[in-house]
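J.: Structure for the following, please:
(one chain, ligands or ions: 1)
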Amino acid sequence: MQTSTHNDPKILIALDYADQASALALVAQLDPAHCRLKVGKEMFTLFGPEFVRTLVQSGFDVFLDLKFHDIPNTVAKAVAAAAELGVWMVNVHASGGARMMSAARDALLPYGDKAPLLIAVTVLTSMTDDELTQIGILRSPAEQVLALARLTRDAGLDGVVCSAQEASLLKAELGSDFKLITPGIRPAGSAAGDQRRIMTPEQALAAGSDYLVIGRPITQAADPAQALAAINDACNRSL
Ligand SMILES: O=C(O)c1cc(=O)[nH]c(=O)n1[C@@H]1O[C@H](COP(=O)(O)O)[C@@H](O)[C@H]1O
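T.: From the prediction side, this is the model:
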């Protein structure tokens, strides 16, 4: 039974496919009551806004994951364009700074309660301590995530993308209303791939994640619908 996730599905499936037919074949097996869909840079670059509209018209909440990072004016316009598509969530990079994030937030004001949730990426879940050092960030990943999450909250955004490993710290520091979206989720026994700071779905929810971004453990499974159902069941048991 997938009961407690019906009204607010926790799983955001990352549709990272190189062809539309494969993505739509997966979507045809899914129910908007049990999951939401994430469209990222690969599919948006290949298939554009029309693909996003198709998913929205099929009744799915869509997280448009384009991680905007540019000058404030450009990001504000991009975020407004995402709102026009009717997406449920859109994101920017927190490292674009407070002024960029405030401009994005202000661009959504005309959409009122139809505005997508506006989220900022903190430190990518694929990054290690050494990689942060290489780009001049001498703080630990957790310290950097917390600093960027504070900046995001102060700019009036709805939440952040972070690793579930940082979720309990952020909930304690920033409060329960500030949403945590956590990729890098791996059910026990599934391959980490390029992800580094990972957790299981149950651990992530227990740590305070509001939504779990899951790609390959579902999309590459022999039976993706069954893989989703198993993850939702495990999540429901842990809620
Ligand atoms: O913003 C994201 O969604 C994101 C942020 C991050 O820090 N790490 C991360 O993996 N993602 C996305 O989450 C998805 C994870 O997919 P899998 O690793 O296949 O589960 C990919 O689409 C990534 O682009």
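
J.: Backbone dihedrals for L228, please?
T.: Torsion angles at L228 (phi, psi; degrees, to the nearest 10) stand at phi -60, psi -50.

J.: how many neighbours does it have?
T.: Neighbourhood size, L228 [other Cβ atoms under 10 Å]: 25. Yep, even glycine has a C-beta here, placed from its N, CA and C like the rest.

J.: ok, it touching I13?
T.: Yes: when contacts are counted by Cβ atoms under 8 Å, L228 is listed as touching I13 (7.1 Å).

J.: list residues touching both of the two?
T.: Common neighbours of L228 and I13 are listed as 30, 35, 218 (criterion: Cβ atoms under 8 Å, 6 or more residues apart in numbering).

J.: Confirm the last one sits in a helix?
T.: Yes: counting by DSSP: H, G, I helix; E, B strand; the rest coil, I218 is found in a helix.

J.: wait, doesn't it sit right on L15?
T.: No: I218 lies out of contact with L15 (Cβ under 8 Å); the separation is 9.9 Å.

J.: Direction included, what does the longest strand along the chain pair up with?
T.: With secondary structure taken from DSSP state E, the chain has its longest strand at strand 62-68. Take DSSP bridges as the rule and strand 62-68 pairs in its sheet with strand 36-39 (parallel), strand 89-93 (parallel).

J.: buried residues in stretch 89-106?
T.: Of the residues in stretch 89-106, 89-97, 100-105 count as buried by neighbour count, 16 or more other Cβ atoms under 10 Å.

J.: And these, which is closest to the ligand?
T.: Distance to the ligand, by Cβ to the nearest ligand atom, is smallest for N91 among the buried residues of stretch 89-106, at 5.8 Å.

J.: what does the protein put close to the ligand?
T.: Within the chain, the positions lying close to the ligand (Cβ under 6 Å from any ligand atom) are 14, 16, 40, 65, 67, 91, 121, 124-125, 161, 183-184, 193, 195, 213-216.

J.: among the residues you listed, which ones are buried?
T.: Buried among the residues of the chain next to the ligand by 16+ other Cβ under 10 Å: 14, 16, 40, 65, 67, 91, 121, 124-125, 161, 183-184, 195, 213-216.

J.: Select from those every entry located in strands.
T.: Counting by DSSP E, the part of those found in strands is 14, 65, 67, 91, 121, 161, 213-214.

J.: Return the alpha-carbon coordinates of the helix or strand hosting R105 using PDB.
T.: Assigned by DSSP states H and E, R105 belongs to helix 98-108. Extracted C-alpha coordinates of helix 98-108, given in PDB (Å, rounded to 0.1, in the frame of the first residue of the first chain):
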ATOM      1  CA  ALA A  98      21.900  36.600  -2.400                       C
ATOM      2  CA  ARG A  99      21.100  39.300  -5.100                       C
ATOM      3  CA  MET A 100      20.600  36.600  -7.800                       C
ATOM      4  CA  MET A 101      18.300  34.600  -5.500                       C
ATOM      5  CA  SER A 102      16.300  37.600  -4.400                       C
ATOM      6  CA  ALA A 103      15.800  38.500  -8.100                       C
ATOM      7  CA  ALA A 104      14.600  35.000  -8.800                       C
ATOM      8  CA  ARG A 105      12.200  35.100  -5.900                       C
ATOM      9  CA  ASP A 106      10.800  38.500  -6.900                       C
ATOM     10  CA  ALA A 107      10.300  37.300 -10.500                       C
ATOM     11  CA  LEU A 108       7.800  34.700  -9.100                       C
END
